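sequence plus predicted model, see below.
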Amino acid sequence: MTILVTGATGTVGRQIVAQLVERGERVRALTRNPAKATFPDSVEVACGDLASPQTLAPALEGVTGLHLITLGGDDHAPLATGPELVELAAKAGVTRVSVLSSWDEGSVEEALRAGDLGWTQLQCVEFMANAFDWVDSIREEGVVRVFGDHPGAVVHEADIAAVAVSALVEEGHAGKAYLITGPQALTPAERVRLIGAAIGRDLRFEELDEEGYRASMAAVGVPEDMIEFGVQLGVNPPEAGSVVLPTVEQVTGRPGRTFAQWATENAAAFAI
């Protein structure tokens with residue numbers, strides 16, 4: 001069985017590839033730029049773009065398992081090519097599909113619901129890896145500035161990958177929709193303290209007011225609609241983002257990784 005991983009160089013995709021390799025699976029990694037991809041020697045690298053389905057046919061040859069993402073391109077826009085992708089997968093003989101969905105479903109999910117492929121939907125709260133946005137201010141100033149200090153059940157990208165891998169190699173996951181969270185609901189201030197503990201440095205947390213947030217985003221060229229979206233998240237975050245669920249342990253048989261673990265694993269990125 002060969003498993004094709006799309007989005008293979010991304011935050012979650014790279015973890016899926018690594019975990020499949022650890023399990024001894026045959027893995028093909030799809031990327032738009034194979035020359036820049038770095039994977040273990042056992043991984044076959046294929047060139048393709050989900051926004052151009054005709055490029056995917058060679059990569060799907062001999063594939064029975066497929067991990068799909070629903071956003072593409074440098075701008076991470078929702079894919080409009082779901083019907084073509086699902087048709088190609090069905091023709092290739094794919095029998096298991098995992099899909100990393102955003103909160104707003106699009107053409108990929110719609111096409112899968114209309115088809116006959118066995119697929120598993122993965123949705124996630126905030127990635128722990130979003131803390132990489134704080135690298136510069138931590139390294140340069142020892143401070144993190146955030147608008148809205150609300151708790152979030154942030155999830156380790158390796159746990160998202162572990163659920164995807166289970167769906168791709170084990171029976172019983174087709175037709176399921178999994179909402180994946182971390183094992184704790186932590187505020188940004190608490191996450192900053194854990195990063196500080198991991199790097200042995202006292203870090204400062206500053207909560208921005210709305211005016212300060214708008215100004216800081218505008219200063220780096222963030223579009224107005226995205227600023228407005230960020231304001232709404234800061235003022236009234238969705239309740240689901242702070243609810244801890246046992247999905248990771250139920251699906252994989254092991255507890256979810258904590259943010260303290262993530263901070264320790266990635267300490268070098270934040271250290272001076």
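Nice, I can see it.

got a list of contacts for stretch 125-136?
Stretch 125-136 is contacted by residues 11-12, 144, 152-157, 160, 179-182, 191-192, 195, 240-241, 259, 262-263, 266, 269-270 when judged by Cβ atoms under 8 Å, 6 or more residues apart in numbering. Where you see a C-beta, it was placed from the backbone N, CA and C, and this is true even at glycine.

tell me which of the residues you listed fall in strands.
Mapping the contacts of stretch 125-136 onto strands (DSSP state E) picks out 144, 179-180.

write the ChimeraX selection for whichever of those residues are buried.
In ChimeraX, a selection of the buried entries from the ones in strands among the contacts of stretch 125-136 looks like this (16 or more other Cβ atoms under 10 Å):
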select :144,180
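
pLDDT added to the ones in strands among the contacts of stretch 125-136, as a markdown table?
As requested, the ones in strands among the contacts of stretch 125-136 are exported to a markdown table (pLDDT from 0 to 100):
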| residue | pLDDT |
| --- | --- |
| Val144 | 97 |
| Leu179 | 97 |
| Ile180 | 98 |
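
closest one of the ones in strands among the contacts of stretch 125-136 to Met1?
Closest to Met1 out of those is Ile180 (24.0 Å), distances taken as Cβ to Cβ.

tell me, what residue is most central in this structure?
Geometric centre of the chain, nearest residue: Val12, 4.6 Å, by Cα atoms, centre = their mean.

phi, psi of that residue?
Note on Val12: backbone dihedrals following degrees, to the nearest 10 are phi -90, psi -40.

picking up where we left off before, so which of the ones in strands among the contacts of stretch 125-136 is the closest to Pro223?
Distance to Pro223 across these (Cβ to Cβ) is lowest for Val144, with 23.0 Å.

all helices for the protein, in order.
For the chain, the helices defined by DSSP state H occupy 13-22, 82-92, 107-114, 135-141, 157-169, 188-199, 210-219, 224-235, 247-252, 259-265, 267-270.

report the buried members of the contacts of stretch 125-136.
The buried subset of those - by 16+ other Cβ under 10 Å - is 11-12, 144, 152-157, 160, 180-182, 191-192, 195, 241, 259, 262-263, 266, 270.

for the chain, which spans come out with low pLDDT?
For the chain, applying pLDDT under 70 flags no range at all.

list the contacts for the residue nearest to the centre of the chain?
Neighbouring residues of Val12 by Cβ under 8 Å, 6+ apart: 100, 127, 157, 160-161, 164.

and those residues, which two are the farthest apart?
Phe127 and Ala164, at 13.7 Å, using Cβ to Cβ across the contacts of Val12.

who has more neighbours out of the two?
More neighbours surround Ala164 than the other of Phe127 and Ala164, with 28 against 17 (other Cβ atoms under 10 Å).

do you know how far that one is from Val12?
If you measure Ala164 against Val12 using Cβ to Cβ, to the nearest Å, the figure is 7 Å.

what's the overlap in contacts for these two?
In contact with both Ala164 and Val12: Leu100, using Cβ under 8 Å, 6+ apart.

sorry, back to before: now the ones in strands among the contacts of stretch 125-136 in CSV, with distance to Val5?
Formatted as CSV, the ones in strands among the contacts of stretch 125-136 follow (distance: Cβ to Cβ, whole Å):
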residue, distance to Val5
Val144, 32
Leu179, 21
Ile180, 17
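
what's the closest non-adjacent residue to Asp166?
Not Asp; residue 166 is Ser. Among residues not flanking Ser166 along the chain, Val251 sits closest, at 5.1 Å (Cβ to Cβ, 6 or more residues apart in numbering).

what sits against the one you found?
By Cβ under 8 Å, 6+ apart, the residues touching Val251 are 162-163, 166-167, 173, 178.

among those residues, which ones are buried?
Taking 16+ other Cβ under 10 Å as the criterion, what is buried in the contacts of Val251 is 162-163, 166-167, 173, 178.

okay if I get the helices of the chain as a markdown table plus distance to Leu60?
Below are the helices of the chain laid out as a markdown table (distance: least, Cβ to Cβ, whole Å):
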| stretch | distance to Leu60 |
| --- | --- |
| helix 13-22 | 16 |
| helix 82-92 | 4 |
| helix 107-114 | 15 |
| helix 135-141 | 37 |
| helix 157-169 | 15 |
| helix 188-199 | 39 |
| helix 210-219 | 40 |
| helix 224-235 | 34 |
| helix 247-252 | 26 |
| helix 259-265 | 33 |
| helix 267-270 | 35 |
